[in-house]
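Enquirer: I would like the atomic coordinates for the input below:
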Amino acid sequence: MISSPGLRKAFPSLNLPKSIVTTLNSPILGIVLWLSTIFMVSQIFIWSLFLFIALSRYVVNKRTFDIRQKWGLYTLLTIALANLGNQLLGGTFILQVSKPPFYIMYIFTFIAALQLNKNDLRFFLWLVCGECLLAIVQFLLGINSFFFQDPNFRSMLWEINLYSGRVIGLSDGIPSMGYKLFVGIILISFLKHKENSAKQNLLGAALLMTVLLLNFHRSSILGTILFLILFSVNNKSKMWIRPTLVSLASYVGLLLLRPLIGPWIISQIGPLGPIESIQHGNNVLVAHSMYSVAYRDEIFSNATNFIKDNLLFGNHSVKYSSYIQSQELVQHAHNSFLQIFATSGVVIGLMYLFFIGIGFKLKRYTLLLPFLVISMTQYGIFWGISFLDIFFLAFVYSDVLDTNSSGRFFNSQAGASAQTQEI
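Expert: Numbering: from 1, shown residues only. Model (predicted):
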């Protein structure tokens, strides 16, 4: 291991109370990550809290970077300097402490993501599974959410409507729930507990898969399918066959039983009150948040044309967005790669691809490719700090999931420890 420069030099000696150190190393980051997706939670507050806890953990635990993490950090530093120069060249640089440039934020996100541990991930997984149970209740009640409703979904207890009938648990939107389910499926594949917990793992996996179908976020489904294929082939594993069959049977069963169970639940609740209000669309809040944007052609065309016209410098490293005439909305590119090339130009865009290439060098295909596929249909990675960014960086650049250089996974129940890898 190579000693890591940076933040720790500012704190050469920290003698913190044991209670603080214990709290920092508790599953608190897993809780904060889950809270980052919950409706009405302040994003500025929750991500500031995440960075504070993660960077504090980094300093207190005196962690070091291995060589591949050094490569990633130095690449991000180079990208940040190039973006800064691009902004200065275009006269677009404005320093705001409350809103730092996304390329600078990404450096801190990278360091923070490497501080996740298995307890964080396990606690996060339990919270997601609990939210899945609430999502099933929502489906049976004929509502999308306990907070707001798709105006096209009118308590359709007798109808099959995959699109407007999607459920989101406690999340702030369909993509947030879909991303949690996608990450949860990855985690339950790798974070094995005890040998006698096979039934628990089967039920958890089937629960996640069932709610993924009920949530019907297509990008997350696509990323999950690719992950399951890569995982099964790479590990010569059949572990996902039974959960998949159970989830499909559960999904069909819920569709058939909803007309019977839904009204019964409502009858047990008593007066409908807020449930009836939500069912009839009286609690509609920001209807666009319920939709996975379907007007991709116009968005992609605008971004592609912008890149052609501004090939070298892009939008001078200010996040690209365009006006979508058909929807009267301003939208980002809904594709991470179009977004970075439109924002920063072709030279800096290629630097981002080099950063991704380090993941290929590490042979983390099983983890890397599904995130990239999702990011081709969504603005998934390279936000600055986001839910997907954290897990993408943690999975590809750290050993929190115990991967070896071949991309196969150690059996954690046999006590295998994380291995240091070098490139």
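Enquirer: what is the mean pLDDT for the longest helix seen in the chain?
Expert: When secondary structure is assigned using DSSP state H, the longest helix within the chain turns out to be helix 241-269. Across helix 241-269, pLDDT averages out at 80.
Enquirer: what's it packed up against?
Expert: Helices and strands touching helix 241-269, by 3 or more C-beta pairs under 8 Å, 6 or more residues apart in numbering; DSSP states H and E, are helix 118-141, helix 198-215. Where C-beta positions appear, they are placed from N, C-alpha and C, glycine not excepted.
Enquirer: and those helices, which one is worst for confidence?
Expert: helix 198-215 (a mean of 86).
Enquirer: tell me how far it is from the chain's mean position?
Expert: 18 Å (C-alpha atoms, centre = their mean, to the nearest Å).
Enquirer: rewinding a little: out of the helices and strands packed on helix 241-269, nearest to Ile28?
Expert: Among those, the nearest to Ile28 by C-beta to C-beta is helix 118-141 (7.6 Å).
Enquirer: just how off-centre is whichever helix or strand comes after that closest one within its chain?
Expert: On the C-terminal side of helix 118-141, the nearest following helix or strand under DSSP states H and E is helix 174-190. Here the centre of helix 174-190 is set off from its chain's centre by 7 Å, with C-alpha atoms, centre = their mean.
Enquirer: what's helix 174-190 packed up against?
Expert: Right, helix 174-190 is packed against helix 118-141, helix 198-215, helix 218-235, helix 365-377, helix 387-397 by 3+ C-beta pairs under 8 Å, 6+ apart.
Enquirer: so which of those gets nearest Ile53?
Expert: Taking C-beta to C-beta, helix 118-141 is the member of those nearest to Ile53, at 10.1 Å.
Enquirer: check which residues of that closest one are buried.
Expert: Neighbour-count burial for helix 118-141, counted by 16 or more other C-beta atoms under 10 Å, picks out 118, 120-125, 127-129, 131-132, 134-136, 138-141.
Enquirer: also stretch 306-316?
Expert: The neighbour-count criterion (16+ other C-beta under 10 Å) identifies 306-307, 310, 313-316 as the buried residues of stretch 306-316.
Enquirer: so what touches it?
Expert: Stretch 306-316 is contacted by residues 86-87, 89-92, 320, 322, 338, 341-349 when judged by C-beta atoms under 8 Å, 6 or more residues apart in numbering.
Enquirer: now with 10 Å?
Expert: If you take C-beta atoms under 10 Å, 6 or more residues apart in numbering as the criterion, stretch 306-316 is touched by 83, 85-93, 320-322, 333, 338-349.
Enquirer: for the host helix or strand of Gly85, packing partners?
Expert: Using DSSP H and E, Gly85 maps to helix 67-90. Of the remaining helices and strands, those touching helix 67-90 by 3 or more C-beta pairs under 10 Å, 6 or more residues apart in numbering; DSSP states H and E are helix 102-113, helix 336-344, helix 346-361, helix 387-397.
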